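Colleague: Need a 3D model of the following:
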Amino acid sequence: LGIFIAIEPRLYERGIAWLLPMKNRDDFYVTTARMAFTLRRLMAGRLLGMAVEGVGTWLACMAVGIPMAALMGLLTGLLAFIPNIGAIVSGVLLVLVGFSAGTDTGLWAIGIYFFVQTVDGYLIVPMVAKQTVDLAPALVLGAQILLGTLLGIMGLFLADPIVAMIKVALEREAERNARAAPKKKAAASA
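Modeller: Numbers count the residues shown, from 1 in each chain. Below is the predicted model:
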């Protein structure tokens, strides 16, 4: 479903717009254009975070001699797409591979995991979320907890985009209300 919508979003946008009254269609098109822009920025930010985690893990693993450093970096980067759970899975894999090469290497793997996750979780992700879609980190985390509890792993996948879309919709509603306020005031005084 997502692939069909991503391939030809205008078709589905027009289909939904036909369900709306004519007077609301222009606002709908503006809102969906802003939502699409926000989703693209959110995805670009997420890809940046994935790249930082993956490259950071790869370089750190290579520096301390953890086997399959490139694969560990690739897996860490890919699993970073899944909020919260991806970090745990990649950490377990990294530590298992590290300990397969020896105790010292395993301890280095634990250190690398904590360092990369700390840098990503406390620096990269909040900065990217703030810069790309202007979302408060506590709001994003709260949404992930709530939607993860309600919807499971799909809730974790969709929490950030849902919060971003709600934010855009509320901003558009505030703009429409601000535009309508002078008109209502003029009509009331007349």
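
Colleague: Worst mean pLDDT across the helices and strands of the protein, which element?
Modeller: Every helix and strand of the chain was ranked by mean pLDDT, DSSP states H and E. The lowest is helix 2-7, at a mean of 69.

Colleague: If you count neighbours, what's buried in the next helix or strand after that one?
Modeller: As assigned by DSSP states H and E, the chain's next helix or strand after helix 2-7 is helix 9-17. By neighbour count on 16 or more other C-beta atoms under 10 Å, the buried set for helix 9-17 is Glu13, Ala17. C-beta coordinates here come from the backbone N, C-alpha and C atoms, glycine included.

Colleague: Hmm, Ile16 and Arg25 touching each other?
Modeller: No: judged on C-beta atoms under 8 Å, Arg25 makes no contact with Ile16 at a distance of 9.8 Å.

Colleague: Now for those two: what residues contact both?
Modeller: Residues touching both Arg25 and Ile16 (C-beta atoms under 8 Å, 6 or more residues apart in numbering): none.

Colleague: okay, the angle between the helix or strand harbouring Val52 and helix 9-17?
Modeller: Val52 is part of helix 22-64, with elements assigned from DSSP H and E. Helix 22-64 runs at 140 degrees relative to helix 9-17, counting by axes from the mean of the first three to the mean of the last three C-alpha atoms, to 10 degrees.

Colleague: After helix 22-64, which helix or strand is next?
Modeller: Helix 22-64 is succeeded, C-terminally, by helix 69-79 (DSSP H and E).

Colleague: Now do that next one: everything it contacts.
Modeller: 50-51, 53-59, 61-62, 66, 86-87, 89-90, 93-94, 97, 116.
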